[in-house]
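Novice: no FASTA, just this:
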């Protein structure tokens, strides 16, 4: 009787677990297999089995040393984040809290970091620890304007440097290792790494959020890249495992431009992680969304820069401005470009940061939670959409249609039997999901608790998979 009912409901479809109907595949219990540790393979981020990973996540800035209020991430929030299909937290940590006085490390702060790692791991999330700063440190900018500079400790400042661009000179002091500042930065980061390197939640480190400075012939080639090479070696020596994420200069947020050079000889697990805000001043200061052409060019530039570096691309940080009249359309344009280029990102941020000063659109009112901690469902609909979380082979095409809620994936399967893992949220696909697989030799399973569809293939080669609401 059940088989007859299935045939009536969907011709040529195989009735599988409740909540999924499949065409072109046979039901078979499958395991998702391991996710971490992450690594790189050419231009791809890959999981522990070598499957290509689309790393989607949120920024966690509760540990950042700023005057904002309402940034708390409670223990129960981690499962909520994982339940929306996100897999990674980019966790901001501040040098000023690690080393409040020269050579004196605050292990109570390190304990706070470990608590976040524990909660993330319990929820099935992984963490990228990022050394966060905005325009150097609190000494570099006013606390009554939109600047809200933070990051480096006060003792790392120079009182003789002042003015709106003092932060560049302060960065230059560190890059030159004046007063031993670069060595101090490495030592402080190494102190954190020593405490967390073996934690199962940690999959990598972001070396420096939006670095600035001057250099010859360019900041990147004259200063940043040589220091990145040194940072990579020294932090590896300190025990940093997993992937090291190389951020782009802060000025790239506005111009989309930066110098690039081959980096494949530096380390086997590096990722280029620019922040694809696209015309930051226009977006946040003048409340104007960049045109579709400008947005597209920013992604095109990032892809070209990653190719020159010889590294995989990941969008390390981005956000929208709710003050834009077309903010949702802008957000959809952005995520479609991420899908087109088959990359993930960390969205700034999970929760609202409400400063006692400054423009809230700049200071964090881009978050997934409102100030009262209610969820922005309209934004969640954009961010928490179906996607291939892990692909056994090389992903060649990824497209999600916001009108039909259809996900179309194409990839070149390798010879393994590991499962393609698709995030299949009912919020878009309803509780009645349809899977269509072309090419035959496919098996599938459905993990209803985690809203995951698993598909495996007996033979390598080109594959196409569609996931959509049943009609």
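Specialist: Perfect, thanks for sending it. None of these values were measured; they are calculated from a predicted model.

Novice: Could you list the buried residues of the helix or strand containing residue 230?
Specialist: Secondary structure assignment for residue 230, by DSSP states H and E: helix 225-237. For helix 225-237, the neighbour count (16 or more other Cβ atoms under 10 Å) marks 225, 227-228, 231-232, 234-235 as buried. Just so you know, the C-beta spots here come from the backbone N, C-alpha and C atoms, and that holds for glycine as well.

Novice: Residue 40 contacts residue 268, doesn't it?
Specialist: Yes: taking contacts as Cβ atoms under 8 Å, residue 40 lies within contact range of residue 268: 7.1 Å.

Novice: the more surrounded of those two?
Specialist: Taking other Cβ atoms under 10 Å, residue 40 and residue 268 do not tie; residue 40 has more neighbours (19 against 9).

Novice: Give the helix, strand or coil label for that one.
Specialist: Here residue 40 is recorded as strand under DSSP: H, G, I helix; E, B strand; the rest coil.

Novice: can you give me the strands for the stretch 51-200 of the chain?
Specialist: All strands of the stretch 51-200 of the chain, identified by DSSP state E, counting those that start in this stretch, fall at 52-53, 56-60, 88-93, 126-131.

Novice: Would you mind telling me which of those is nearest residue 413?
Specialist: strand 52-53 (10.9 Å; Cβ to Cβ).

Novice: For that closest one, which helices and strands make contact with it?
Specialist: strand 44-46, strand 387-391, strand 393-400 (3 or more Cβ pairs under 8 Å, 6 or more residues apart in numbering; DSSP states H and E).

Novice: What does residue 322 show for phi and psi?
Specialist: Main-chain dihedrals, residue 322, degrees, to the nearest 10: phi -60, psi -10.

Novice: Now do it against residue 280, distance only.
Specialist: 16 Å (Cβ to Cβ, to the nearest Å).

Novice: can you list the weak-confidence ranges in the stretch 351-471 of the chain?
Specialist: 353-365 (pLDDT under 70).

Novice: let's go with 90 and repeat that
Specialist: Residues of the stretch 351-471 of the chain meeting the criterion pLDDT under 90: 351-367, 370-373, 415-417, 438-441, 471.

Novice: For it, just list every one of the helices.
Specialist: For the stretch 351-471 of the chain, the helices defined by DSSP state H, counting those that start in this stretch occupy 360-363, 377-383, 426-429.

Novice: Using a markdown table, lay out those helices together with distance to residue 189 and mean neighbour count.
Specialist: Formatted as a markdown table, the helices of the stretch 351-471 of the chain follow (distance: least, Cβ to Cβ, whole Å; neighbours: other Cβ atoms under 10 Å):
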| stretch | distance to residue 189 | mean neighbour count |
| --- | --- | --- |
| helix 360-363 | 26 | 19 |
| helix 377-383 | 30 | 16 |
| helix 426-429 | 39 | 18 |
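
Novice: Quick one: closest of the ones you listed to residue 46.
Specialist: In this view, the helices of the stretch 351-471 of the chain are compared for proximity to residue 46 by Cβ to Cβ, and helix 377-383 is the closest at 23.1 Å.

Novice: Which elements pack onto that closest one?
Specialist: helix 327-340, helix 426-429.

Novice: State the mean pLDDT of the first one.
Specialist: The one in question is helix 327-340. Averaging pLDDT along helix 327-340 gives 97.

Novice: How about stretch 200-217?
Specialist: For stretch 200-217, mean pLDDT is 95.

Novice: Tell me the buried residues in that stretch?
Specialist: In stretch 200-217, the ones that count as buried by 16+ other Cβ under 10 Å are 201-213, 215.

Novice: what two of the residues you listed are the furthest from one another?
Specialist: By the measure Cβ to Cβ, those have their two most distant members at 201 and 215, which lie 35.2 Å apart.

Novice: for this structure, longest helix please?
Specialist: Counting residues, the longest helix found in the chain (DSSP state H) is helix 292-309.

Novice: Can you check what angle separates it from helix 327-340?
Specialist: With axes from the mean of the first three to the mean of the last three Cα atoms, to 10 degrees defining the directions, helix 292-309 sits at 30 degrees from helix 327-340.

Novice: what's helix 292-309 in contact with?
Specialist: Applying Cβ atoms under 8 Å, 6 or more residues apart in numbering, the contact partners of helix 292-309 are 43, 246, 248, 256-258, 260-264, 272, 274, 276, 278-279, 290, 312-313, 315, 330, 333-334, 337-338, 340-341.

Novice: and those, which of them are in strands?
Specialist: Counted as lying in strands by DSSP state E, out of the contacts of helix 292-309, are 246, 272, 315.

Novice: Settle this for me: residue 386 is touching residue 424, isn't it.
Specialist: Yes: in terms of Cβ under 8 Å, residue 386 counts as a neighbour of residue 424; the distance is 5.7 Å.

Novice: Pull up the overlap in contacts between these two.
Specialist: The contact sets of residue 386 and residue 424 overlap at residue 467 (Cβ under 8 Å, 6+ apart).

Novice: Spatially central residue in this structure, please.
Specialist: residue 346 (2.8 Å; Cα atoms, centre = their mean).

Novice: In three-state terms, label it for me.
Specialist: Here residue 346 is strand, with the state taken from three-state DSSP.

Novice: Which pLDDT does the model give it?
Specialist: So residue 346 comes in at 98 (pLDDT).

Novice: How about it: what's its closest non-neighbour residue?
Specialist: Distances taken as Cβ to Cβ, 6 or more residues apart in numbering place residue 90 nearest to residue 346, at 3.9 Å, with adjacent residues excluded.

Novice: coming back round to it: please report which of the ones in strands among the contacts of helix 292-309 has the highest neighbour count.
Specialist: residue 246 (26 neighbours).

Novice: roughly how far apart are it and residue 387?
Specialist: With Cβ to Cβ as the criterion, residue 246 and residue 387 are 24 Å apart.

Novice: cool, and residue 302?
Specialist: Residue 302 is 19 Å from residue 387, by Cβ to Cβ.

Novice: So between these two, which is more surrounded?
Specialist: More crowded of residue 302 and residue 387, by other Cβ under 10 Å: residue 302, with 26 against 23.

Novice: Kindly reformat the helices and strands packed on strand 52-53 as a markdown table containing distance to residue 81.
Specialist: Formatted as a markdown table, the helices and strands packed on strand 52-53 follow (distance: least, Cβ to Cβ, whole Å):
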| stretch | distance to residue 81 |
| --- | --- |
| strand 44-46 | 19 |
| strand 387-391 | 14 |
| strand 393-400 | 20 |
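
Novice: For residue 350, find the nearest of the ones you listed.
Specialist: Of all the helices and strands packed on strand 52-53, strand 387-391 sits nearest to residue 350, with 18.4 Å by Cβ to Cβ.
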